[in-house]
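Novice: Got a predicted structure plus its sequence, pasted below:
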Amino acid sequence: MSKHLALCAGLAGLVLGMPIHYAAQTPATAPSFEYQADRPVDIKQVSSTTRDGVTIQEITYAKAADGRNEATLVLPPAASRGPHPAVLFVHWYEPPKPTSNRTEFVEDAVELAKEGTVSLLIDTPWSNPKWFPTRDSGKDYEMSVRQVKEIRRAADVLLAQPNVDRRRVACVGHDFGAMYGALAAASDPRVTHFVFMAGTRSFSDWFLFAPKREGEARTTFIALLAPLDPIAYLPKIAPRPVLLQFATNDKFVSSEAAAAIADAAGSPKTVKYYDAEHALNEQATRDRQAWLKRELGLGSP
């Protein structure tokens, strides 16, 4: 989430971090995140560089529906023996920070690649700094379902890499990346491990920052997005291991929301809190790296 969202929230007369009170409603039918998985991924390399023996490729690939997506593929040194564990990274939304795109996790991916991991870092709709204020809010539900399918599509691209170990496939998400990643991981058994970084319970918690909705319009919007609540999908990831990371000074994720999410997640789970803001901090990065290395069998971190 970004300073721009904070401004939008202020203009809308909302208090950041306050939980949304959900109206009673008839449970909606669960959305489908199925897509045409047999569509060729059609990976095309745009550029390639090498750093400390690690290869960093900029690529494009065919999306789940129409069009192409941009991504960064980080590969281990040629001498690294496989089969290789794999990690899919889904970034946060925090313009104007330069890491408000797939570059957020480049350093994570390079560090893991040194120990034999293949990683894919993808573009998302929120890679565009102007995405939140210019989006069509009337299509938030449809966009959200589509984005879950696109994360699953990115897993196709990751698993298309040679000599990848399908028994060790992690997804790491921050902010919106964590929330959409939770839905994708719950829906896709190929994901064997999941890291949830500073996300909240429901997409409506954040989408209601702007535009402002009140009364019946607000209640209807919350009910529309309720079938996509990440807090309902996190338990479905079990018994696959989950790491949850939260900040104690997070303007966008209240302590109540963080506790509820942590309680909802199934076991085995590891929950970490940091004296940090929404971006988390270096200790969170070290803990995340250590957890991934341990869980993916990369030896002592």
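Specialist: It's in. Residues are numbered from 1 along each chain as shown.
Novice: center of this protein, which residue is that?
Specialist: residue 177 (2.2 Å; Cα atoms, centre = their mean).
Novice: and that one, what does it touch?
Specialist: Neighbouring residues of residue 177 by Cβ atoms under 8 Å, 6 or more residues apart in numbering: 89-92, 124, 197, 199. In short, each C-beta sits where N, CA and C put it, glycine included.
Novice: So residue 196 belongs to a helix, correct?
Specialist: No - applying DSSP: H, G, I helix; E, B strand; the rest coil, one finds residue 196 to be strand, outside a helix.
Novice: Report pLDDT for it.
Specialist: Predicted confidence (pLDDT) for residue 196: 99.
Novice: again with the one 3 residues further on
Specialist: Reading off the per-residue confidence, residue 199 sits at a pLDDT of 98.
Novice: Regarding it, what is its secondary structure?
Specialist: With three-state DSSP as the basis, residue 199 sits in coil.
Novice: So, low pLDDT: which residues of this structure?
Specialist: 1-28, 299-301 (pLDDT under 70).
Novice: Break down it into its helices, ranges please.
Specialist: Remark: helices assigned in the chain by DSSP state H are 3-11, 106-113, 131-134, 140-159, 176-187, 203-207, 215-225, 230-237, 255-264, 282-295.
Novice: Distance to residue 62 for those helices - can I get that in CSV?
Specialist: Converted to CSV, the helices of the chain look like this (distance: least, Cβ to Cβ, whole Å):
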stretch, distance to residue 62
helix 3-11, 31
helix 106-113, 22
helix 131-134, 22
helix 140-159, 8
helix 176-187, 18
helix 203-207, 26
helix 215-225, 28
helix 230-237, 26
helix 255-264, 33
helix 282-295, 28
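Novice: what's the single longest strand in this protein?
Specialist: Once the chain is assigned using DSSP state E, the strand that runs over the most residues is strand 164-174.
Novice: neighbouring strands for it, and are they parallel or not?
Specialist: Strand 164-174 sits in its sheet next to strand 84-90 (parallel), strand 193-197 (parallel), going by DSSP bridges.
Novice: Count the neighbours of the closest residue to residue 158 other than its chain neighbours for me.
Specialist: Nearest in space to residue 158, with sequence neighbours left out and distances taken as Cβ to Cβ, 6 or more residues apart in numbering, is residue 120 at 4.3 Å. By other Cβ atoms under 10 Å, 26 other residues sit near residue 120.
Novice: Next, the contact list for residue 120, please.
Specialist: Residue 120 touches 71-74, 86-89, 154, 157-158, counting by Cβ under 8 Å, 6+ apart.
Novice: Which one (most neighbours) among those?
Specialist: Going by other Cβ under 10 Å, residue 88 tops the contacts of residue 120 with 30 neighbours.
Novice: residues in contact with that residue?
Specialist: 119-120, 122, 151, 154-155, 158, 169-172, 181, 191 are the contacts of residue 88 under Cβ under 8 Å, 6+ apart.
Novice: how about a cut-off of 6 Å?
Specialist: The contact partners of residue 88, by Cβ atoms under 6 Å, 6 or more residues apart in numbering, come to 120, 154-155, 158, 171.
Novice: I appreciate the help and will end here.
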